[in-house]
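> Sequence plus predicted model, see below.
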Amino acid sequence: MPEKVIEVRGLTKEYKDLKAVDDLSFDVYEKEILGLLGPNGSGKSTTINSILSLLKYSSGSIKIFGKEMKPDAYDIKRDIGVIFQEVAVFEELTVYDNIDYFCGLYIRDKKQRKEYVDDAIELVGISYYKKFYPKQLSGGLLRRLNIACGIAHKPKLIFLDEPTVAVDPQSRNHILEGIKKLRENGATILYTTHYMEEVEQICDRIIIIDKGRIIAEGTSDSLKKLANIEEKISVEIHSLSDDGIEKAKKLKYATDAVYDGTNLIVSYGGGRDNMTRMIDFLRDNDYHYKKLYSERPTLNDVFLELTGKELRD
Amino acid sequence: MFIHNFKYSIKLLLKNRQLVFWTLAFPIIMAVLFNMAFSNIENSETLEAIDIAVVDDNSFNSSLIYKNSLKSLGEGDERLFNITYTDEKGADELLSEKKVTGIFRIVKNEPVVTVNSNGLRETVLCYVVNEIKSTGDLVMKLGFEDIRKNISSGNKIDYEKEFTDIAQDVLSSDANINNVSTSNMSYIMIEYYSLIAMACMYSGLLSMTLMNYRLANVSAVGKRSAVSSAKKSRIVLPSLLASFVVQIAGLILLYLVLIFYVRADFGNELPKIILLSLAGSIAGLSVGTAVSVMVKAGENAKFTGLVGVIMAGCFFAGMMGVMMKNIVDKNVPILNKINPVAMITDGLYALYYYNSYERFWFDVISLAVFSLIVLLISINGLRRQTYDSI
């Protein structure tokens, strides 16, 4: 059984009329990547800020590496790296100096620090930009610099709070690969995002959070079972009557059918030949369609099933 | 860790163009501009005494301190004033015909100065009268306190002797402004003093910028520092020291320009002026720190706000004309007592116009006390590590 790196019990953070975090309890185990998935405003950042003792929380307890986390727990903080949602770098310093400065808050030895800074630069792939200033970097490179500043001191526990917001796909892949490498190197990672594809791609376990409460927890596959959907078939079709929608709902194994004026989406609770039956249905009714594709349920379907709304609402 | 933070704090300050402009370049540019704009005016005006009219009535004759002080200022080759003693009507006519710069009269035991415009000569007149009044008030206050002490301790009081002593003190009190004359009453020096005061206060921009970087509730980099294993004191103290060092570098540059380029004459008082500048710079640092800690606004808004506050301080301290200092001293005296710019300029005026250094030391101590109070107010915010919201 892997060791618990973070233990959160009954964490509650109240503002005047709002419970931003409501009785949250969960554990993060050694060398795992735990994804905290939820829409904007669901309480992810508040949870991280509370765990880090930046925010005063109303009630609950937090342990990191088996010790109570407090603002002056410098021995714990020494092994923690944080990548905040906002890019936290100095405009006045070069890429190298930024990483060196933040690494220097943990590592005193100059020689060791230089090695660590070079490793961090290598890991996020910004070697070419060492002497650049942040304003000379693209959004994606800036995010990579932001990550390098947070992990240069080689922490055992890393918090990544939406590190890929507003990042181009190439940089996003680079960042996600970098995170996987960090775990391979032995780090434990708590990763928050509202991008379900990302948690599916890199997280070992996922906690889905909404309105400050945990609504589901498990691996990607176990969570998808909560959606009560085995398959979804989407058809791009430009004209469909109400009668046609009703007919689609009555297809074998279909649990629901929705038409938004362009796409007909039929959900299935089971069945093996749903695609064949769909093609027959379209041909028999003489519907002219353009695209037709099948997909497995996503975490968004889980969220929809559990809350009645989309993750990106 | 301390050296690491100190080194990067210096780098952060010197690579911030906005800061470099306001704290290092702007005072020097202003000094050069003042020199270009006022040196000619200065040359044409310094040798001439100021023509004033004094309403020579019973009130004036019974106000011995004003009578004697003005008399001494209107005598000799380097006299400050050419005084015409006349009645109310005559004085008004002289002023309306622009034969005098202003009128001095005593109304209900209080000095009243009437001028028609706000120029160098009018400013000097108001300043001198204000100084005579301050000195007289002080001597009277000390004398009466002496009497009060004697009464409360049960001593037998020789009232006649006490009042004679007070009167003699009052009569001799004009000695404090004896060295005010047309030879050293320099408008451009007053402007340079204001400039030094402003430069001192701009140190607040340095400390505010660095403190913004150190506080988790102000900036993203502050959050990163707050979650690090570095103790807050090891981040905050090097930042304050770095701000002070850069400020000193800026002041040295300013003094070099003032002394060697614009040829400002600081006489023998340079060490004291530098001491006052250091005290003023610490006051500026404390104000910048307090703004960073206590004002809830964006970094740019704070920067603009602090520049505005400093300029307002300069204005009330008389940077745009000593008349304003007099108006503030008369109507809202508390304002300039808590205005560090006024403390700095007052200290500089004191060095320049008084034989006694009491007022200078009072201003230095006032600045030290002001800095201490403001830093104490900020200390909670500086030490804070956990926030209600972020």
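Now that the structure is in, tell me what you want to look at.

> Look at residue B:196 and say how many residues are nearby.
Per other CB atoms under 10 Å in any protein chain shown, the neighbour tally for residue B:196 reads 26. Every residue, glycine included, has its C-beta placed from N, CA and C.

> Make sure it is actually in contact with residue B:278.
No - taking contacts as CB atoms under 8 Å, residue B:196 lies outside contact range of residue B:278: 11.3 Å.

> got any ranges where the stretch 101-250 of chain B has weak pLDDT?
B:118-120, B:135, B:138-147, B:149-151, B:154-187 (pLDDT under 70).

> how about the residues of it that lie near chain A?
B:213, B:216, B:219-221, B:223-231, B:235 (CB under 8 Å from any CB of the partner chain).

> how many neighbours does residue B:261 have?
Other residues close to residue B:261 by other CB under 10 Å number 12.

> What of residue B:308?
Residue B:308, neighbours per other CB under 10 Å, totals 10.

> just residue B:361 next, same as before
Counted with other CB under 10 Å, the neighbours of residue B:361 add up to 15.

> Spell out the secondary structure type for it.
helix (DSSP: H, G, I helix; E, B strand; the rest coil).

> Return the distance of it relative to chain A.
Distance, residue B:361 to chain A, using CB to the nearest CB, to the nearest Å: 39 Å.

> before we move on, the earlier item: identify the farthest-apart pair in the residues of the stretch 101-250 of chain B next to chain A.
B:220 and B:231 (20.3 Å; CB to CB).

> Now do the same contact list for the residue in the stretch 201-313 of chain A that chain B sits nearest to.
Proximity of the stretch 201-313 of chain A to chain B (CB to the nearest CB) peaks at residue A:212, 14.5 Å away. Residues near residue A:212 by CB atoms under 8 Å, 6 or more residues apart in numbering or on different chains: A:13, A:19-22, A:24, A:42-43, A:46.

> Out of the residues of the stretch 101-250 of chain B next to chain A, which sit inside strands?
Among those, the subset assigned to strands under DSSP state E is empty.

> List only buried entries from the residues you listed.
Those of those that meet the buried threshold are B:213, B:216, B:219, B:221, B:223-230, B:235, by 16 or more other CB atoms under 10 Å in any protein chain shown.

> Could I get the full set of strands for the stretch 251-390 of chain B?
Assigned strands in the stretch 251-390 of chain B: none (criterion: DSSP state E, counting those that start in this stretch).

> Excluding chain neighbours, what is closest to the most centrally placed residue in chain A?
Closest to where the C-alpha atoms of chain A average out (CA atoms, centre = their mean) is residue A:193, at 3.0 Å. Once flanking residues are discounted, residue A:193 sits nearest to residue A:162: 5.5 Å by CB to CB, 6 or more residues apart in numbering or on different chains.

> Which parts of the chain belong to which domain?
In the absence of a named chain, this looks at chain A. A:4-225, A:230-296 (automatic domain parsing).

> not quite, I wanted chain B
Split by automatic domain parsing, chain B gives B:2-40+B:186-383, B:48-177.

> most packed of those?
When the domains of chain B are scored by mean count of other CB atoms under 10 Å in any protein chain shown, the highest mean neighbour count falls to domain B:2-40+B:186-383 (a mean of 20).

> just how off-centre is it within its chain?
12 Å (CA atoms, centre = their mean, to the nearest Å).

> Quick one: end-to-end length of that domain, please.
End-to-end distance of domain B:2-40+B:186-383 (CA to CA, to the nearest Å): 17 Å.

> Could you find the residue in the stretch 51-200 of chain B that comes nearest to chain A?
residue B:199 (21.9 Å).

> I'd say that residue and residue B:27 touch.
Yes - in this structure residue B:199 lies within contact range of residue B:27 using CB under 8 Å: 4.0 Å.

> what's the overlap in contacts for those two?
B:250, B:254.

> Residue A:92 - nearest residue in space that isn't next to it in sequence?
In space, residue A:92 is closest to residue B:15, 3.9 Å off (CB to CB, 6+ apart).

> next one: residue B:303
Nearest residue to residue B:303, sequence neighbours excluded (CB to CB, 6+ apart): residue B:205, at 6.7 Å.

> okay, the domains of chain A, which one's buried deepest?
domain A:4-225 (a mean of 19).

> pLDDT averaged over that one - what is it?
On average, the pLDDT along domain A:4-225 is 92.

> Show me what from the stretch 51-200 of chain A comes close to chain B.
A:52-56, A:71-72, A:74-75, A:77-78, A:80, A:82, A:84, A:86-90, A:92-93, A:97, A:101-102, A:104-106, A:108, A:149-150.

> Which of those fall within helices?
A:74-75, A:77, A:97, A:101-102, A:104, A:149-150 (DSSP state H).

> Tell me which helix or strand residue A:283 sits in.
helix A:274-284 (DSSP states H and E).

> got a list of contacts for that helix?
Residues contacting helix A:274-284 (CB under 8 Å, 6+ apart): A:231, A:233, A:235, A:237, A:247-248, A:251-254, A:266, A:268, A:271, A:287, A:289, A:292, A:294.

> let's go with 10 Å and repeat that
A:230-235, A:237, A:244, A:247-248, A:250-254, A:264, A:266-268, A:271, A:273, A:287-289, A:292-294 (CB atoms under 10 Å, 6 or more residues apart in numbering or on different chains).

> Strands - which of those land there?
A:231-235, A:237, A:254, A:264, A:266-268, A:289, A:292-294.

> Identify the farthest-apart pair in the ones in helices among the residues of the stretch 51-200 of chain A next to chain B.
A:75 and A:97, at 27.3 Å, using CB to CB across these.

> Do I have it right that residue A:307 meets residue A:226?
No - under the criterion of CB atoms under 10 Å, residue A:307 is not in contact with residue A:226, lying 11.4 Å apart.

> anything in contact with each of the two?
A:208, A:215-216.

> For the helix holding residue A:283, what is the distance to the chain centroid?
Using CA atoms, centre = their mean, the offset of helix A:274-284 from its chain centre is 36 Å.

> Where does residue B:48 sit: helix, strand or coil?
coil.

> So residue B:112 belongs to a strand, correct?
Yes - counting by three-state DSSP, residue B:112 is located in a strand.

> which residues in chain A form strands?
A:4-14, A:19-29, A:33-37, A:59-64, A:67-68, A:80-83, A:157-161, A:188-193, A:205-210, A:213-218, A:231-237, A:254-259, A:263-268, A:289-295.

> partners of the fourth one in the sheet?
Pointing back at strand A:59-64 there. strand A:4-14 (antiparallel), strand A:67-68 (antiparallel) (DSSP bridges).

> Quick check: residue B:71 touching residue B:83?
Yes - taking CB under 10 Å as the definition, residue B:71 is a contact partner of residue B:83 at 8.0 Å.

> Now for these two: what residues contact both?
residue B:54.

> Contacts only, for residue B:90.
B:53, B:55-56, B:84, B:103.

> Would you agree residue B:53 is in contact with residue B:98?
No - shown here, residue B:53 and residue B:98 do not form a contact pair, counting by CB under 10 Å, at 11.6 Å.

> what sits in contact with each of the two?
Counting by CB under 10 Å, 6+ apart, nothing touches both residue B:53 and residue B:98.
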